[in-house]
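Novice: generate coordinates for the sequence data below:
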Amino acid sequence: GASHSGDAVTSLGSTLVIKLISDKPVYSANYGIYSHRLGDQWLVGGASNSGGAALKKYFNQQEMDALTPQLKPQHPTELNYYPLPGTGERFPFNDPNMKAKINPVADRLKFFQGLLESIARIEKMGYEKLSELGCKYPERIFTTGGGAKNSAWREIRSSVLQRPVLIPEQTDAAFGSALLARRGFYG
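Specialist: Model prediction:
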């Protein structure tokens, strides 16, 4: 998994959470960015309100499972949405009044892929914001959470982010917590 400066982790659950290993901390309440010490490095990140909860406003799990094998990551839809499950965004910018920007198209497959592409662009905006504030743009991105299981979405994200999107060997949060504790204790 992520272990070096420039490595990142995106968790795709109900929300989109990113963390980037950095040599220096970054804090910005204006952009919802925070840092946690990790030995002599920092975990810099933020959490968008976009993610799986926004998808579930339009698709149930059965629909997503049925549409996923039909996705065409190599053929972007050109749809430009900002999916949110409700009002407000906190990262990569802070706007408590923001509303979702979505104009559904009749083609359910195209609509689904457009939402996935749009969440990938929000992920990219997050890493670009961290870079703008002094972090390196990630060299590789590990991914966890329910959305990480979707191989077509990983391909879409890799294309948008222009970086490899990888699944770590261990995805259990308890395993990651244990590694962080060990690193904090032993250095």
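Novice: packing partners for the biggest helix by length in the chain?
Specialist: For the chain, the longest helix by residue count, based on DSSP state H, is helix 108-132. Counting contacts by 3 or more CB pairs under 8 Å, 6 or more residues apart in numbering; DSSP states H and E, helix 108-132 packs against strand 7-12, strand 16-22, strand 41-48, helix 52-55, helix 61-67, helix 151-161. Any C-beta I mention is one placed from the backbone N, CA and C, and that applies to glycine too.
Novice: wait, which of those is closest to Asp107?
Specialist: Closest to Asp107 of these, according to CB to CB: helix 61-67, at 10.5 Å.
Novice: mind listing what's buried along that closest one?
Specialist: Met64, Leu67 (16 or more other CB atoms under 10 Å).
Novice: for it, packing partners?
Specialist: Using 3+ CB pairs under 8 Å, 6+ apart, helix 61-67 sits against helix 108-132.
Novice: the helix it packs on: how far from the chain's middle?
Specialist: A distance of 8 Å separates the centroid of the chain from that of helix 108-132, by CA atoms, centre = their mean, to the nearest Å.
Novice: if you average pLDDT over the helix or strand following it, what comes out?
Specialist: Along the chain past helix 108-132, the next helix or strand (assigned with DSSP states H and E) turns out to be strand 140-144. For strand 140-144, the mean pLDDT works out to 95.
Novice: residue ranges in this protein under the pLDDT threshold?
Specialist: 1-3, 170-187 (pLDDT under 70).
Novice: still on that earlier bit, so which of the helices and strands packed on helix 108-132 gets nearest Gly86?
Specialist: helix 52-55 (8.3 Å).
Novice: what helices or strands is the closest one leaning on?
Specialist: Using 3+ CB pairs under 8 Å, 6+ apart, helix 52-55 sits against helix 108-132.
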